[in-house]
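> pasting the structure only:
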Ligand SMILES: C[S@@+](CC[C@H](N)C(=O)[O-])C[C@H]1O[C@@H](n2cnc3c(N)ncnc32)[C@H](O)[C@@H]1O
């Protein structure tokens, strides 16, 4: 007994001492990506010979975003300390891979700024051309002015690094906002017997985090992009129990009521309004009664007033044709219109997690 309590105390002390170094690691990581993000205005200056807008032009926005970033990173470490997900979520990729990618990102940054300058948003390489006939019309574009949109191996290889640069190294922590409410709905389980569906899984970054939090759950990852799913498969090659399905989230190839949870990360802001509703309807169709539905996506207007100006600027700088409409139409309202119960929201930096449950049909009185 005495030995058990000594080892428990040692364990607690070890854990308590780990908090600060982990937080420092996250801050360092964020500083590296923030430094890399300075390439973008530099490229803009070189290519367009005009000084681009910087976050630092608006000091109150800069201050609010630094504070929100710090709060998100702190909470992320708190969640690790509380055992919601393992430290493994912070594991960095090889620094050599990271460094080797920087010149490629720089070159691609120049091309993206040129595309933006000339408003060219439908350029595809040969591989991407081959996929165009299979995907919906709204998807045939260079989202973010990136090379071949979501339809080439090159784009899939650069994507995760680009997202981290855009979000000052906080993209992972924002995606992990999903896990706390998911763990609250499915407490004290390693996921055995549960089946989750992820829509717009992209290159599998969020899939990996959910997998680490629920190691025994089965996860089905859906995306329209074959090259992105290939990258996701590579990322998750050491983990069992995955299916990768190339499909449209608004026309899912699954039976009714088979998933315990359906979720997405950074999908809805990329969809036209009608498609957002269809994807939500399809999610509910394939979800079990009482099942969990949630998403992480960009903040919307009024979620954090201090960030509203940045939300309005974002689609002017990046090719995000449906974003302006997305930020004006609260996702919570759509969920309630579709009778989703217990809709909740938590914000973190430039994102929020919104979740609820599929209502069970009300049984007639007396039955
Ligand atoms: C911004 S990315 C987010 C990817 C990933 N969830 C992440 O956390 O980085 C949006 C993803 O949604 C996918 N997508 C867009 N429309 C889709 C649709 N209708 N059905 C399935 N996937 C879609 C894109 O191919 C892309 O991989």
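Looks like it arrived, so ask away. Everything numeric in this text was worked out from a predicted model, so none of it was measured. Residues are numbered from 1 along each chain as shown.
> Kindly provide the distance from residue 288 to residue 32.
In this view, residue 288 and residue 32 are 42 Å apart by C-beta to C-beta, to the nearest Å. No exception for glycine: its C-beta is placed from N, CA and C like everyone else's.
> So what's the residue count around residue 253?
Counted by other C-beta atoms under 10 Å, the residues lying close to residue 253 total 10.
> for residue 186, that is, sorry about that
Residue 186 has 18 neighbours, counted by other C-beta under 10 Å.
> Quick check: closest non-adjacent residue to it.
residue 194 (6.3 Å; C-beta to C-beta, 6 or more residues apart in numbering).
> One more: residue 153?
The shortest distance from residue 153 to any non-neighbouring residue, by C-beta to C-beta, 6+ apart, is to residue 227 (4.8 Å).
> Residue of the protein nearest the ligand, please.
Residue of the chain nearest the ligand, by C-beta to the nearest ligand atom: residue 202 (2.5 Å).
> Could you pull up the residues touching that residue?
Listed by C-beta atoms under 8 Å, 6 or more residues apart in numbering, the contact partners of residue 202 are 150, 159, 223, 225, 228, 232, 265, 266.
> Now do the buried residues in stretch 277-286.
If you call a residue buried by 16 or more other C-beta atoms under 10 Å, then stretch 277-286 has these buried ones: 277, 278, 279, 280, 282, 283, 284, 285, 286.
> ok, those residues vs residue 127, which is closest?
Distance to residue 127 across the buried residues of stretch 277-286 (C-beta to C-beta) is lowest for residue 279, with 25.9 Å.
> same for whatever helix or strand that closest one lives in, what does it pack against?
Assigned by DSSP states H and E, residue 279 belongs to helix 273-286. With contacts taken as 3 or more C-beta pairs under 8 Å, 6 or more residues apart in numbering; DSSP states H and E, helix 273-286 sits against strand 195-199, strand 259-265, strand 287-298, helix 323-328, helix 331-337.
> Now that helix: average pLDDT?
Across helix 273-286, the average pLDDT comes to 97.
> Between strand 195-199 and that helix, find me the angle.
Calculated by axes from the mean of the first three to the mean of the last three C-alpha atoms, to 10 degrees, helix 273-286 forms an angle of 170 degrees with strand 195-199.
> quick one: pLDDT of the most centrally placed residue in the chain?
Nearest residue to the geometric centre of the chain (C-alpha atoms, centre = their mean): residue 265, 3.7 Å. Residue 265 carries a pLDDT score of 98 in this model.
> Wait, it touches residue 294, no?
No - taking contacts as C-beta atoms under 8 Å, residue 265 lies outside contact range of residue 294: 9.6 Å.
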